[in-house]
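Colleague: how would this look folded up:
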Amino acid sequence: MGIGDYIAVESIDGEGIAIGRNARVEINRYTELIIRPDSLEDVPPAPGDRPYKGLAYFTETDAGNFFGREILSDKIVVSLQKMRFLAVIGASGSGKSSLLRAGVVPRLRMQNWLIRILTPTSRPLQRLANAFIGESNGLTAADDLQKEFTSNPRALHLAANRLAGQTNTTNLLLVIDQFEELFTLCNDEEERNAFLENLLAAFNEEGAISILIGLRADFYGRTAQHEGLRALISRQQELIGPMRQEEIVRVIAEPAKHGGWQFVEGLVEQILEDTGDEPGHLPLLSHALLETWELRRGTVMTLGGYRAAGGVEGAIAKTAEDVLQALDEDQLPIVKHIFLSLTELGESAEDTRRIASLPELRRIDFEEAAINAVIEELVRARLIIVDNEEVQVAHEALIRRWPRLRSWIDEDRERLSFNRRLIRAAQEWEDNDRQHDYLFRGSQLEQAESRIQEYKAWGLSNQQEVFITASQEAAAMAAMEEEKLTEIGRQDARRSAVFAIGGGALGLGAAATIVNLATSDLSGIYAVFYVAGAFVTGIIVGFFYVPIFDSLISLVKKQNKMLAWPISILAGAAAFIFAALLFFFLLSEELFVVLLTGSAWGGTAGAGRLWIQGSKRSKAITIPLVSMVSGLVLIVVYAALRQTGYLNQPFALWLVFIVGFLVPFVILLAENGALYASARRN
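Modeller: Got it, this is the predicted structure:
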């Protein structure tokens with residue numbers, strides 16, 4: 001509209017308010033409702049039925065009092081006569097639920113359509129089955145149909161045709177209100193996919209059913225996760241925009257006209273200006289109108305009452321705070337618990353409403369009578385809705401527009417987020433026959449244990465308590481099993497050291513005997529000395545190396561199991577170098593080379609394979625053999641050098657050292673490499 005399209009009118013307090021020309025024309029149609037008051041201060045409220053719904057959405061029974069969306073309702077009805085699927089998309093608070101239930105549905109009823117309405121909640125297939133099974137058929141029939149939906153994507157198509165045949169109708173409409181609950185409340189991906197597959201199959205096949213969904217605009221992107229749904233919604237949708245001012249005038253004035261209520265002059269204009277053109281303001285407007293009506297003087301709604309109620313922006317918070325002020329101090333934690341339980345935290349969208357059961361709300365550590373009293377007060381104030389043991393906030397606008405609730409959510413967001421994960425995990429565990437794979441472990445279990453008393457104070461279900469207990473028991477058993485395996489590993493390492501000592505001693509002892517026979521200048525005492533030296537070296541290496549290796553490999557395995565093998569090789573080399581340096585200062589250089597390169601590697605022969613549990617190959621054979629081969633090769637090289645006279649060359653001893661080092665190293669490297677590759681394949 002241009003500037004000339006607005007008309008300034010004087011309100012009671014003299015403020016100029018600009019409204020559209022069309023809105024002024026619409027207001028003039030209700031001149032009999034507009035009065036100039038003399039004095040209304042002492043006039044008591046006249047009795048009568050509430051003309052406004054407040055935060056609650058309009059239902060089919062409210063159709064006679066639903067105004068402002070007549071044109072859009074007619075447009076949707078025409079569209080459904082041409083197409084069998086339509087998505088009505090709008091911002092939260094744009095009036096989608098009221099439009100579908102009080103605008104579209106009554107019009108189609110008049111045309112003899114058979115209509116089924118549902119909201120998905122956390123169990124969409126259950127709700128879908130209940131919608132198509134009459135009350136007389138009982139729970140068993142609904143359970144059977146739910147199983148059909150799970151296993152057969154054509155089940156909805158078949159059920160719809162069956163129902164249409166039974167009722168002799170050619171037009172069946174399935175209305176799915178608050179379609180976003182598929183993403184906010186349903187955490188079972190398989191159930192969600194089964195629900196969507198049934199919808200798409202029912203649409204794609206010829207049949208009696210048409211489908212109408214209401215979807216919050218900020219969840220439009222989530223539909224892209226399912227290709228068929230995204231393509232369908234992108235082609236067949238109706239967007240809800242903000243109401244025009246003249247339509248808002250009808251929302252304000254028509255219910256008052258039907259009920260015999262009036263407005264003080266200037267009030268309608270003030271409400272129009274405060275409402276603005278945001279589509280999410282409709283629940284705020286409706287609640288402000290209801291609270292203004294509650295503060296009426298006689299049959300007249302006044303500017304004073306409107307301002308006392310908090311206006312369009314502040315009425316919700318004002319009502320909530322008034323309820324809290326009327327409660328005792330010790331009841332406030334109950335209120336906080338209730339509203340936090342009724343809030344679903346948004347991940348990539350705004351926080352939304354959550355449906356909770358009455359038993360869930362009563363789990364908090366307070367007397368049940370006190371909890372029931374608070375619930376009754378909140379219901380009486382129309383802040384929450386209780387229906388068949390299910391509780392939810394009257395409108396999501398309460399979550400967004402009540403500052404105290406926003407602060408509660410922000411303060412407890414971490415606890416709430418984990419609590420929601422706990423609820424989902426416990427249910428998933430239950431749904432999968434309580435398999436251990438679905439229990440908490442690691443950081444999740446630590447977080448649950450660290451705040452267990454807090455969670456108990458805020459109310460854990462028996463299922464959640466059993467879930468946490470089972471997780472703790474499973475973790476304790478796993479720790480015991482790990483400790484058992486660790487101890488087995490320690491024993492295995494000690495046995496490896498003992499085997500290596502024996503193998504090294506045998507290898508070097510046999511080699512020493514060969515040297516004794518081949519050389520005339522070595523006495524028989526050297527064989528004994530070699531054997532004793534081998535034992536001493538193996539003991540030192542084993543006793544120093546095994547504990548270090550055991551701790552090191554245990555630490556590495558916690559971070560990355562695949563690193564345990566290369567780390568074990570490096571640890572073996574470090575142990576060998578340590579022992580070599582120790583004996584270098586105790587023995588002659590010649591004896592140092594002979595003793596250490598054979599027996600030290602014998603002491604670490606099995607270390608690299610120790611981390612692979614369950615190996616079927618016997619360490620009792622492998623380790624001594626490696627050690628014996630090491631000693632024999634070393635002594636053969638050593639004896640050959642002595643015979644040829646090269647032993648006195650500077651490089652000779654180091655050649656013996658290198659050969660004695662490399663032979664067992666290569667053998668162990670190859671063996672551990674094969675085990676490493678096998679472990680990765682498994």
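Colleague: any idea how many residues pack against L163?
Modeller: 19 (other Cβ atoms under 10 Å). Just so you know, the C-beta spots here come from the backbone N, C-alpha and C atoms, and that holds for glycine as well.
Colleague: cool, and T140?
Modeller: Around T140 there are 9 residues (other Cβ under 10 Å).
Colleague: again, but for G64
Modeller: 11.
Colleague: is it true that L285 touches I248?
Modeller: Yes - assessed by Cβ atoms under 8 Å, L285 is found in contact with I248 at 7.2 Å.
Colleague: now for the two: what residues contact both?
Modeller: Jointly contacting L285 and I248 under the rule Cβ atoms under 8 Å, 6 or more residues apart in numbering are T275.
Colleague: tell me which element the closest residue in space to H226 that isn't next to it in sequence is part of?
Modeller: Of all residues not flanking H226 in the chain, L196 sits nearest, at 5.3 Å (Cβ to Cβ, 6 or more residues apart in numbering). If you go by DSSP states H and E, L196 is part of helix 189-204.
Colleague: what residues does the residue nearest to L40 when sequence neighbours are not counted make contact with?
Modeller: Sequence neighbours aside, R297 is the residue nearest to L40 in space, at 3.6 Å (criterion: Cβ to Cβ, 6+ apart). Contact analysis of R297 by Cβ under 8 Å, 6+ apart lists P37, L40, E41, V43, P44, P45, G305.
Colleague: now do the SS call for the third one.
Modeller: Going back to what we said before, that points to E41. coil (DSSP: H, G, I helix; E, B strand; the rest coil).
Colleague: tell me the contacts of it?
Modeller: E41 neighbours (Cβ under 8 Å, 6+ apart): R297.
Colleague: just the pLDDT for it.
Modeller: Looking at E41, its pLDDT is 72.
Colleague: so it versus L295, what's the distance?
Modeller: As judged by Cβ to Cβ, to the nearest Å, E41 and L295 stand 12 Å apart.
Colleague: touching, L33 and F263? I think so.
Modeller: Yes - L33 is within contact range of F263, at 5.7 Å (criterion: Cβ under 8 Å).
Colleague: just name the shakiest helix or strand of the protein by mean pLDDT.
Modeller: When the helices and strands of the chain are scored by mean pLDDT, DSSP states H and E, strand 6-10 comes last with a mean of 31.
Colleague: now the top strand by length along the chain: mean pLDDT?
Modeller: Longest strand of the chain, by residue count under DSSP state E: strand 209-216. For strand 209-216, mean pLDDT is 95.
Colleague: identify the residues contacting that strand?
Modeller: 76, 80, 83-92, 96-97, 99-100, 104, 156-157, 160-161, 164, 171-180, 199, 202-203, 223, 233, 349.
Colleague: pull out the buried positions in it.
Modeller: By 16 or more other Cβ atoms under 10 Å, the buried positions in strand 209-216 come out as I209, S210, I211, L212, I213, G214, L215, R216.
Colleague: after it, which helix or strand is next?
Modeller: helix 227-235.
Colleague: same for that following helix, what does it pack against?
Modeller: strand 85-90, helix 189-204 (3 or more Cβ pairs under 8 Å, 6 or more residues apart in numbering; DSSP states H and E).
Colleague: of the ones you listed, which is nearest A397?
Modeller: Proximity to A397, assessed across the helices and strands packed on helix 227-235 by Cβ to Cβ, is greatest for strand 85-90 (13.7 Å).
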